[in-house]
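Undergrad: Need a 3D model of the sequence below.
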Amino acid sequence: MYGLQAVRDPQLKQLRERLRLAGCVFEFEAYHLPTPGVAGEDLHRQALAGLFAKLQLEREHWRQRMVSRHAIPDPHLPPALRVELEQARPASLDPHAIGQLRRTHDWQKGQVPLFSAFRNPPYGTRPGEDEMVTLFHDWLDLLGLRAGESVQVLDWVGEAHRDPDRSDWSNYFDDGKDWWGVWCLSICNPARGTLSVMVASATD
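TA: Predicted structure coming up:
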């Protein structure tokens with residue numbers, strides 16, 4: 001992908017496995033910034049396009065396996081992944097909203113939205129609360145959303161289970177809009193020279 005190179009770090013591979021074993025539903029990619037500084041929206045789009053290209057390939061392979069192994073007719077399978085990224089309109093999060101992303105609990109409301117989605121996908125997660133909090137912060141650190149560091153975050157769908165028009169640019173989000181919710185953030189950490197993207201959409 002022009003201008004961006006995927007991060008190849010053993011820690012990233014290990015984290016993916018930890019997330020898989022825990023039962024998390026978030027997908028993510030991390031890239032090196034081509035030049036120092038805050039990324040423009042075009043680079044955020046490139047990073048997001050890279051992740052969705054991977055998701056499209058994975059879904060197509062899964063569809064082919066279902067047809068070949070189980071003789072499921074193509075019309076009965078979930079549709080191919082549609083992505084119209086040029087239709088997406090991201091919103092830049094302010095420092096307070098970015099700070100809220102790292103929080104796990106609010107003394108009045110309990111779990112805050114991102115951690116709640118991370119902790120409570122439709123089929124639940126396996127580890128206990130303390131282990132999930134540790135895993136959550138390890139994940140955010142790798143994405144570049146580190147405590148005390150200045151980052152830029154674009155939100156590409158908002159709370160789409162309440163505002164479905166924000167996520168109409170891809171049918172990837174259809175499942176989550178049913179009730180659980182959807183996520184799509186891109187995170188630029190200029191100090192570390194990284195640009196990361198993460199998405200989630202799930203239903204039972």
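Undergrad: which residues of the chain score low on pLDDT?
TA: Within the chain, the segments meeting pLDDT under 70 span 1-2, 70-76, 159-164.
Undergrad: Could you confirm V199 falls within a helix?
TA: No - under DSSP: H, G, I helix; E, B strand; the rest coil, V199 falls outside any helix and is assigned strand.
Undergrad: from memory it sits against Y172, does it?
TA: Yes - with contact defined as C-beta atoms under 8 Å, V199 reaches Y172; the gap is 7.0 Å. For glycine as for every other residue, the C-beta is placed from the backbone atoms N, C-alpha and C.
Undergrad: who touches both of the two?
TA: 52, 55 (C-beta atoms under 8 Å, 6 or more residues apart in numbering).
Undergrad: buried ones in whichever helix in the chain runs longest?
TA: The longest helix of the chain (DSSP state H) is helix 41-70. Residues 43-52, 55-56, 59, 63, 66 are the ones in helix 41-70 that count as buried (16 or more other C-beta atoms under 10 Å).
Undergrad: Report all helices and strands that it contacts.
TA: strand 27-32, strand 182-189, strand 194-201 (3 or more C-beta pairs under 8 Å, 6 or more residues apart in numbering; DSSP states H and E).
Undergrad: The shortest one - which strands sit beside it in the sheet, and in what orientation?
TA: Neighbouring strands of strand 27-32 in its sheet, by DSSP bridges, are strand 5-6 (antiparallel), strand 194-201 (antiparallel).
Undergrad: now the second one
TA: Partner strands and pairing direction for strand 182-189 (DSSP bridges) are strand 152-155 (antiparallel), strand 194-201 (antiparallel).
Undergrad: circling back: I'd like the helices and strands packed on helix 41-70 as JSON lines, with distance to S116 and mean neighbour count appended.
TA: Output for those, formatted as JSON lines (distance: least, C-beta to C-beta, whole Å; neighbours: other C-beta atoms under 10 Å):
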{"stretch": "strand 27-32", "distance to S116": "18", "mean neighbour count": "21"}
{"stretch": "strand 182-189", "distance to S116": "11", "mean neighbour count": "26"}
{"stretch": "strand 194-201", "distance to S116": "12", "mean neighbour count": "24"}
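Undergrad: For the ones you listed, give me CSV that also has distance to R8.
TA: Shown next, in CSV, are the helices and strands packed on helix 41-70 (distance: least, C-beta to C-beta, whole Å):
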stretch, distance to R8
strand 27-32, 9
strand 182-189, 17
strand 194-201, 12
